[in-house]
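K.L.:
pasting the structure only:
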């Protein structure tokens, strides 16, 4: 599935933790699939590092921490499009690596309703090269596309992997072969307060339903992260809002 990113929006439900690894140029401006503006930019592996969150495009402190190691830090080839932020993010990547995240369930916004999706950005610019991503013991295969034109493509033949509906308080990621990791986002399932009035109510459901009916492609309403807007997002909103 391919879709160009929407700009100046936080992730669905408004809260994410975004981590960019080994960047040569700091990210500036909206970056990634949802155009998040708060990114943890890690230039070296100095043990457990605290992570900041993006809460409606505002920086907040979290209790989560990350540690990582990599055999190599590589520069990606074939970047021919995208915003400056996306180019900076996709321009470098970890080679064979191990990443550990802990305390993912300890943030105030998510303690009552803990559920999240993991996005791994997986571009290296070596067309056809294959690698494996082991995420908490489960393997995912990916094949490098060899070109980044500014669009994000989900799946084994794309430039990102999406793993949905995780409830693990800790994550361990280990890669093998050609399995680049440029960055990652943890998109948390929060109450669907789309109108920002502080309440989750029928007006938010109406906003989402209208977006679905109108054929809107605003990813701010893409609750289930399938890169399309349809009735499934309404059902996911109901599920997340109830905390089930």
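P.N.:
Yep, it's here. For clarity, every value in this text was computed on a predicted model and none was experimentally measured.
K.L.:
what residue ranges in the protein are flagged as low confidence?
P.N.:
By pLDDT under 70, the weakly predicted segments of the chain are 1-14, 24, 44-46, 108-113, 190-193, 195-200, 219, 225, 240-244.
K.L.:
swap the cut-off to 50 and go again
P.N.:
By pLDDT under 50, the weakly predicted segments of the chain are 1-10, 244.
K.L.:
what domains does the record give for it?
P.N.:
2-188, 202-242 (automatic domain parsing).
K.L.:
Check the offset of the longest one from the chain's centre.
P.N.:
What separates the centre of domain 2-188 from the centre of its chain is 5 Å, taken as Cα atoms, centre = their mean, to the nearest Å.
K.L.:
Likewise for the shortest one?
P.N.:
Shown here is domain 202-242, whose average C-alpha point lies 18 Å from the average C-alpha point of the whole chain (Cα atoms, centre = their mean).
K.L.:
could you say what helices and strands whichever strand or helix holds residue 93 packs with?
P.N.:
Using DSSP states H and E, residue 93 sits within strand 92-94. For strand 92-94, the elements it packs on are strand 15-21, strand 73-75, judged by 3 or more Cβ pairs under 8 Å, 6 or more residues apart in numbering; DSSP states H and E. C-beta coordinates here come from the backbone N, C-alpha and C atoms, glycine included.
K.L.:
helix or strand right after the shortest one?
P.N.:
Helices and strands here follow DSSP H and E; after strand 73-75, the next one along the chain is helix 84-90.
K.L.:
Can you point out the buried residues in that following helix?
P.N.:
85, 86, 87, 88, 89, 90 (16 or more other Cβ atoms under 10 Å).
K.L.:
Columns distance to residue 186 on top of the residues you listed, output as a markdown table?
P.N.:
Putting the buried residues of helix 84-90 into a markdown table (distance: Cβ to Cβ, whole Å) gives the following:
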| residue | distance to residue 186 |
| --- | --- |
| 85 | 18 |
| 86 | 19 |
| 87 | 23 |
| 88 | 20 |
| 89 | 15 |
| 90 | 18 |
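K.L.:
Could you point out which of those residues is nearest to residue 229?
P.N.:
residue 86 (21.7 Å; Cβ to Cβ).
K.L.:
Tell me how far that closest one lies from residue 49.
P.N.:
Taking Cβ to Cβ, to the nearest Å as the measure, residue 86 falls 23 Å from residue 49.
K.L.:
and what of residue 71?
P.N.:
Here residue 71 is placed at a distance of 19 Å from residue 49 (Cβ to Cβ).
K.L.:
So the two - more neighbours on which side?
P.N.:
Taking neighbours as other Cβ atoms under 10 Å, residue 71 and residue 49 compare with residue 49 leading, 15 against 11.
K.L.:
Give me the phi and psi for the more buried one.
P.N.:
Per-residue torsions, residue 49: phi -120, psi 130 (degrees, to the nearest 10).
K.L.:
wait, it sits on residue 43?
P.N.:
No: using Cβ atoms under 8 Å, residue 49 is not in contact with residue 43, being 10.6 Å away.
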